[in-house]
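Undergrad: take this sequence and fold it.
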Amino acid sequence: MKKLASTVLVSALGFVTSGALAADTTVVGFDGGDNGGFSGNAIFEATGGNPGGAARHITDLFFNDLRTGGLGEPANTNFLGDFSGFTNIEFSFDIKTNMLDDFIGNPIARPVGIMLIDRDVQGPSGPSGIFIEMGIVGEAFTPDWTTLSVAIEDPTATDLPPGWIGFGDEDPNTFEPILPAGASFASVLASVDEFRITGAVPGFFFTNAFWDVQIDNISVTVPAPATGMLLATGLLAMRRRRG
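TA: Next comes the predicted model:
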């Protein structure tokens, strides 16, 4: 993992957080074709990114999927763990559509977002998790490199913020996906086992399509410990890492 910059100024007492995560920004840039701890239905190329390498979905797919922390798969721990001790967490990635067509060659569009999964709380439909749509993929929407991002202001909120979908169970009346009993927005963010960039919107079904879509610069920013987590007055300049 290559550091782009690293400067930390703290008092002698320093600071602690509620989990293993620290105030930082991590960027996975797939440089040299490295997978950066991700897997999924993409190939990792050394060129063609923004800049450097990129993950490229180039085949017949139902939806794009890049993940880290899957069972028995690579894990980039900067995207996993306990986020509850922080505020204004931001996830982002760059995306570019070279082609996205239906089975007869017509351009189409598909949603894309991030999914966070907690395997500690299981529901009838599988592990508990949350998803938010961040944008639309398609030649008319992302023909050039486009940055999509989402911020989580309060990871300790019990209820789902607007736009977020919970899954792991389904409503018996509407059959829409919901969080299972014992799970909440906060419980998922306190124990993230798997992180995904995906078009698999919970509760929706997609037909196959022909993809040539690239993703680069997957990042997570953990700006600062939540109020009360500092032990002494100090200054912190976040580190930005690429790898």
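
Undergrad: pick out the residue nearest the middle of this structure.
TA: Ile114 (4.4 Å; Cα atoms, centre = their mean).

Undergrad: that one pairs with what?
TA: Judged by DSSP bridges, the bridge partners of Ile114 are Ile132, Ile197.

Undergrad: please renumber the chain so that the first residue is 58 from this point on.
TA: Okay, using 58 as the starting number, the last item reads as Ile171.

Undergrad: for it, what are its contacts?
TA: Ile171 makes contact with 148, 188-189, 191, 207, 252-255 under the criterion Cβ atoms under 8 Å, 6 or more residues apart in numbering. All C-beta atoms are positioned from the backbone trio N, CA, C, and that covers glycine.

Undergrad: could you dump these to TSV with pLDDT and neighbour count?
TA: Formatted as TSV, the entries for these read as follows, by pLDDT from 0 to 100; neighbours: other Cβ atoms under 10 Å:
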residue	pLDDT	neighbour count
Phe148	98	21
Phe188	98	24
Ile189	98	18
Met191	98	19
Val207	98	17
Phe252	98	25
Arg253	98	23
Ile254	98	24
Thr255	98	20
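
Undergrad: redo these as a markdown table? Include distance to Gly126.
TA: Written out in a markdown table, the entries for the contacts of Ile171 read as follows (distance: Cβ to Cβ, whole Å):
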| residue | distance to Gly126 |
| --- | --- |
| Phe148 | 14 |
| Phe188 | 15 |
| Ile189 | 18 |
| Met191 | 19 |
| Val207 | 18 |
| Phe252 | 6 |
| Arg253 | 9 |
| Ile254 | 13 |
| Thr255 | 13 |
